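I would like the atomic coordinates for the input below:
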Amino acid sequence: MPWDIHTGSHGLPDAGHAPCVSRATPAPDDTFDRCGGSGRDRLIRRRSPRRTVLEAMRVPLSLLLVPVLALTACGRAESKENAAPAAAKGPAMMTVTPKISASGYDITPLPPSRVEELARKLTPEEYRITQKAGTEPAFCGNLLDNHKEGVYVCVVCGLPLFASAHKFNSGTGWPSFYREFDPEHVHRKTDVSFGMVRTEIDCARCGAHLGHVFDDGPAPTHERHCLNSASLKFYVTGETLPAESRPAKR
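A predicted model of the protein is given here:
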């Protein structure tokens, strides 16, 4: 039987001893009644009328908190109502400043939602190359042997990217240009894929992947912009250009 630390025994009452009863002198305002029960005396403490009245006058804490909680709830509701108009005004106040290139074209970056919308019109091959940074096989692009005079625009957003006057035969199997239509129309970034370090070129307005640029081109730039035909759309000189391929109105 385990030892009971409260009774000082193994949990069994001692048959030869009765439990101890404290017989301390009662407080002035306390009275005691002695009652018998099962051969043992019990002391029952009776509270004085004065203490009972004082305790009855105590107000429960929950009742005191009701007005405080009500005021707090009202304050929160009011702050939400005041904040709602400010939140509604936020998006309306946001404006995007148009960016115009030196040649007069709108090159303001398009939001992802607009790019996604434009990309839906692409063929699977155009989508793979422009949106997934793919590469078409060499000597397979439909613009490789194009020798007509005109302008090459982005197949996604229509921004002019290259001109026939700057096209040359690089012998690599991809359309090549020694300079851009406007340097601001083509964005450059480092590409470390396939264990190589190259300079990738994308459309500055919609981010479509175009190809890469190398430093082995002819004078005067000594650059070779190696393009995917699927990234471009060609308009011959004199052909009516769509609105997205024309200079911005001022």
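
Every contact and neighbour count from this point should use C-alpha atoms.
OK.

what's the burial count for the spatially closest residue to Ser103 that is not a sequence neighbour?
Once flanking residues are discounted, Ser103 sits nearest to Asp182: 6.8 Å by C-alpha to C-alpha, 6 or more residues apart in numbering. Close neighbours of Asp182, defined as other C-alpha atoms under 10 Å, add up to 16.

hmm, which helix or strand of the protein has the shakiest average pLDDT?
strand 31-37 (a mean of 40; mean pLDDT, DSSP states H and E).

coming back round to it: against Val153, how distant is the residue nearest to Ser103?
12 Å (C-alpha to C-alpha, to the nearest Å).

Identify the contacts common to the two.
Leu161, Phe162 (C-alpha atoms under 8 Å, 6 or more residues apart in numbering).

Got the phi and psi for the closest residue to Phe162 other than its chain neighbours?
Spatially, and ignoring its direct neighbours in sequence, Phe162 is nearest to Phe181 (4.3 Å; C-alpha to C-alpha, 6+ apart). Main-chain torsions, Phe181, degrees, to the nearest 10: phi -60, psi -40.

The one 4 residues further on too?
Phi and psi for His185, reported as degrees, to the nearest 10, are phi -80, psi -10.

what's the burial count for it?
23.

what's the closest non-adjacent residue to it?
Closest to His185 by C-alpha to C-alpha, 6+ apart is Ala204, at 5.1 Å.

What are the neighbouring residues in contact with the one you found?
Ile107, Pro109, Glu184, His185, Val186, His187.

excluding its backbone neighbours, what's nearest Cys140?
Gly173 (7.5 Å).

coming back round to it: and the residue nearest to Phe162, what does it touch?
Pro160, Leu161, Phe162, Ala163.

so can I have CSV of the residues you listed showing secondary structure and pLDDT?
Output for those, formatted as CSV (DSSP: H, G, I helix; E, B strand; the rest coil; pLDDT from 0 to 100):
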residue, secondary structure, pLDDT
Pro160, strand, 98
Leu161, strand, 98
Phe162, strand, 98
Ala163, strand, 98
